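Visitor: Here is a sequence together with a model predicted from it:
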Amino acid sequence: MKIPLEVVMQQLHDSNQATLASLSLTLPGYPFASALPFAVDQDQCPIFLISRLAEHTRNLLADERASLLIQAGEHPEPEAAARLTLMGEARAFDISPELYQRFLRYQPGAERYRALGDFGFFRLVPRRIRLIAGFGQMGWVEADEWREVRSLSLESENQLLLQARPQRGLIGIDCYGVDLIEYGKRSRLGFGRAVSEAQLPEVLRDLDLLA
């Protein structure tokens with residue numbers, strides 16, 4: 001089944017934490033998995049902040065291959081809940097000030113960890129993605145399809161955020177939707193389609209998100 005990128009983006013933004021699996025150094029050949037908070041960059045690639053002493057850091061520096069499972073909220077039947085698995089390479093990188101500010105909007109608690117000085121950022125570049133969106137709704141997204149993901153520059157996003165209505169709690173904008181914080185809870189408002197950068201101001205005004 002061919003999965004529209006818009007559906008993948010909705011699931012990708014539907015949670016602020018995931019389960020990362022890396023290849024264990026202490027038990028070679030076996031995956032090591034643990035939960036961690038994450039956000040996405042301007043290219044919709046997951047990024048996360050990990051201690052340099054963590055098992056994942058040691059594992060990923062030795063072998064970049066990793067898998068990230070995103071499953072939003074609690075569900076009475078977990079096997080029926082929508083979930084997204086991204087397989088690819090998780091690479092350490094030096095985060096720009098602009099991207100760091102975006103990360104903090106999604107994960108404000110990260111600032112105290114980075115202040116300790118022994119934490120670093122990793123970016124997962126997807127090679128293959130598996131979406132299970134419910135009974136009979138499942139399929140793969142391949143790397144060449146992922147390269148078609150529409151990107152919004154951090155500069156353009158920041159300009160739009162400056163025009164946003166503060167009472168709406170807007171924390172992130174991309175070409176597929178917006179993320180908001182309301183009463184301490186994050187929510188996703190998807191556009192249902194890919195929107196160009198030129199179209200975004202009009203779409204956001206129609207949603208009463210811009211001043």
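Guide: Happy to help now that I have it. Numbering: from 1, shown residues only.
Visitor: tally of neighbours for E202?
Guide: 11 (other CB atoms under 10 Å). Where C-beta positions appear, they are placed from N, C-alpha and C, glycine not excepted.
Visitor: Quickly find the element holding it.
Guide: helix 200-206 (DSSP states H and E).
Visitor: Likewise for Q10?
Guide: Going by DSSP H and E, Q10 is in helix 5-12.
Visitor: And the very next helix or strand once past that helix, what's buried?
Guide: Of the helices and strands lying after helix 5-12 in sequence (DSSP H and E), the nearest is strand 17-23. Across strand 17-23, burial judged by 16 or more other CB atoms under 10 Å covers 18, 20-23.
Visitor: May I have the strands that pair with strand 17-23, each with its orientation?
Guide: Based on DSSP bridges, the pairing partners of strand 17-23 within the sheet are strand 31-37 (antiparallel), strand 65-70 (antiparallel).
Visitor: gap between the first one and the chain center?
Guide: To tie it back to what came earlier, the one meant is strand 31-37. Distance of strand 31-37 from its chain centroid, counting by CA atoms, centre = their mean, to the nearest Å, is 15 Å.
Visitor: repeat for the shortest one
Guide: Averaging C-alpha coordinates over strand 65-70 and over its chain gives two centres that are 12 Å apart (CA atoms, centre = their mean).
Visitor: Return the closest of the buried residues of strand 17-23 with respect to L207.
Guide: Nearest to L207 among those is A18, at 27.1 Å by CB to CB.
Visitor: For the closest residue in space to the closest one that isn't next to it in sequence, give the beta-bridge partners.
Guide: Distance criterion CB to CB, 6 or more residues apart in numbering; nearest residue to A18, sequence neighbours excluded, is I70 at 4.6 Å. For I70, the beta-bridge partners under DSSP bridges are L84.
Visitor: Would you agree I70 is in contact with L20?
Guide: No. Counting by CB atoms under 8 Å, L20 is not a contact partner of I70; they are 10.2 Å apart.
Visitor: name the helices or strands packed onto the one helix or strand G139 maps to?
Guide: Under the criterion of DSSP H and E, G139 resides in strand 137-142. Identification of packing neighbours for strand 137-142 by 3 or more CB pairs under 8 Å, 6 or more residues apart in numbering; DSSP states H and E yields strand 119-134.
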